[in-house]
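Engineer: Here is my input; please provide its structure:
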Amino acid sequence: MSLQNCFYQDLSNGHENVPILMKDDVSRVDFPVFQYSPENVPGPGCATDPSEVTIPGCSCLTHSCLAESCSCLQTYGQTYDSSGTLLDIRSTDATHCKPVFECNALCACSEACSNRVVQRGIRFRLEVCRTKEKGLGVWTLEPIPQGTFVCEYAGEVISFEEARRRQLIQGPEDNNYIIAVREHAGQGAITKTFMDPTMVGNVGRFLNHSCLPNLLMVPVRVHSTVPRLAMFAARDIDAQEELTFDYAGCLRHQRTVELPTQSAFALPTNTHALKRKACHCGAQNCAQFLPLDLSVINL
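Structural biologist: Residues are numbered from 1 along each chain as shown. Down below sits the predicted model:
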């Protein structure tokens, strides 16, 4: 995909480390109006500000934290190698992955610490383009190694009541972006986070579903107890590939985190919106329809 003789603009308006490219003609045709934010923001009913630092930090004075001396790594375990690659990355049909906690603003280690990955933001050149049957999508313009952080699925953190209200007012042709994350914290405790990038979000809102995706969604905690929904490469990804993840949210975390086995996306209860939408991912194992989860409505 040559960038020569094309007019591009930065979808992120300078909010990311590298521009999120988008051809000028794409932005002029039925492009959704939203506010770009590289990180989660508090929305209606949000009980905890995602930007508030609520997790204790380590006292490491080294360039990069070591498992034998870092309180963060000793408490939560080491999830990245020395290059910042997710250690427990597996194929997208895997059902387990360790929970991820990064060093944070209260930590004494350097910004270059290998336990600081998602917080450093996007590092690869991405482009938002139109597809034939799926609307807009996201492509990578350079190769991405397996286990590498790609981008977040960021948006407004809202309450269950607000998520339900937004679902109920959606029409049959409206795109639904709300994702519900349920995390098992032990002894029957369940933490629920509802995220919606419809009005405030980042490039993650344009990622399409695939029944054989090349990205894996992993909840990552950095400064706050509110998880950041990070996308990691589930395999080596070539340049010019469309980036996709599984809307079914089948990822489950050992010890701490569990996501629903059905779609992480919940749909409205009106008759028209409940009709299954066709899947156009083209995968050999395609289920023919996008995943359907009514948990936000039925809880």
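
Engineer: all contacts plus neighbour counts: C-alpha atoms, from now on.
Structural biologist: Will do.

Engineer: I'd like the next helix or strand past the lengthiest strand in the chain.
Structural biologist: Ranked by number of residues, the top strand in the chain under DSSP state E is strand 189-201. Remark: after strand 189-201, the chain's next helix or strand is strand 208-209, criterion DSSP states H and E.

Engineer: and the angle for the longest helix anywhere in the chain with strand 189-201?
Structural biologist: Counting residues, the longest helix found in the chain (DSSP state H) is helix 160-168. Interaxial angle of helix 160-168 relative to strand 189-201 (axes from the mean of the first three to the mean of the last three C-alpha atoms, to 10 degrees): 50 degrees.

Engineer: List the buried residues for helix 160-168?
Structural biologist: Buried residues in helix 160-168, counted by 16 or more other C-alpha atoms under 10 Å: 160, 162-164, 167.

Engineer: avg pLDDT for it?
Structural biologist: Across helix 160-168, pLDDT averages out at 91.

Engineer: before we move on, what about stretch 145-154?
Structural biologist: On average, stretch 145-154 scores 97.

Engineer: just to revisit the earlier point, flag every buried residue along the longest strand of the chain.
Structural biologist: Buried, per 16+ other C-alpha under 10 Å, within strand 189-201: 193-198, 200-201.

Engineer: pLDDT on that strand, on average?
Structural biologist: Across strand 189-201, the average pLDDT comes to 89.

Engineer: where in the stretch 151-299 of the chain is pLDDT low?
Structural biologist: Residue ranges of the stretch 151-299 of the chain with pLDDT under 70: 185-189, 249-276, 292-299.

Engineer: make it 50
Structural biologist: The stretch 151-299 of the chain contains residues with pLDDT under 50 at 250-269, 271-273, 299.

Engineer: residue ranges of the strands in it, please?
Structural biologist: With DSSP state E, counting those that start in this stretch as the criterion, the stretch 151-299 of the chain has strands at 155-158, 179-186, 189-201, 208-209, 215-221, 228-233, 242-245.

Engineer: Now do the shortest one: distance to the chain's middle.
Structural biologist: To tie it back to what came earlier, the one meant is strand 208-209. Distance of strand 208-209 from the chain centroid (C-alpha atoms, centre = their mean, to the nearest Å) equals 12 Å.

Engineer: So what are the sheet partners of it and their directions?
Structural biologist: strand 242-245 (parallel) (DSSP bridges).

Engineer: which residues sit against the strand it pairs with?
Structural biologist: Outside of strand 242-245, the residues within contact range by C-alpha atoms under 8 Å, 6 or more residues apart in numbering are 137-140, 207-217.

Engineer: from these, which two are the most distant?
Structural biologist: Spanning the widest gap among these are 140 and 211, at 18.8 Å by C-alpha to C-alpha.

Engineer: So which of those two has more stuff around it?
Structural biologist: The neighbour count for residue 140 versus residue 211, taken as other C-alpha atoms under 10 Å, is higher for residue 211 (25 against 21).

Engineer: how about the closest residue to that one other than its chain neighbours, what does it touch?
Structural biologist: Nearest residue to residue 211, sequence neighbours excluded (C-alpha to C-alpha, 6 or more residues apart in numbering): residue 286, at 5.3 Å. For residue 286, the contact set (C-alpha under 8 Å, 6+ apart) comprises 210-212, 279.

Engineer: Please apply the same query to residue 112.
Structural biologist: Taking C-alpha under 8 Å, 6+ apart, we find residue 112 in contact with 63-64.

Engineer: pLDDT wise, what is it at?
Structural biologist: You'll see residue 112 listed with a pLDDT of 94.

Engineer: and it, how far is that from residue 177?
Structural biologist: From residue 112 across to residue 177, the span is 33 Å (C-alpha to C-alpha, to the nearest Å).

Engineer: got it, and residue 214?
Structural biologist: Separation of residue 214 from residue 177 (C-alpha to C-alpha): 19 Å.

Engineer: what does residue 247 give?
Structural biologist: 10 Å.
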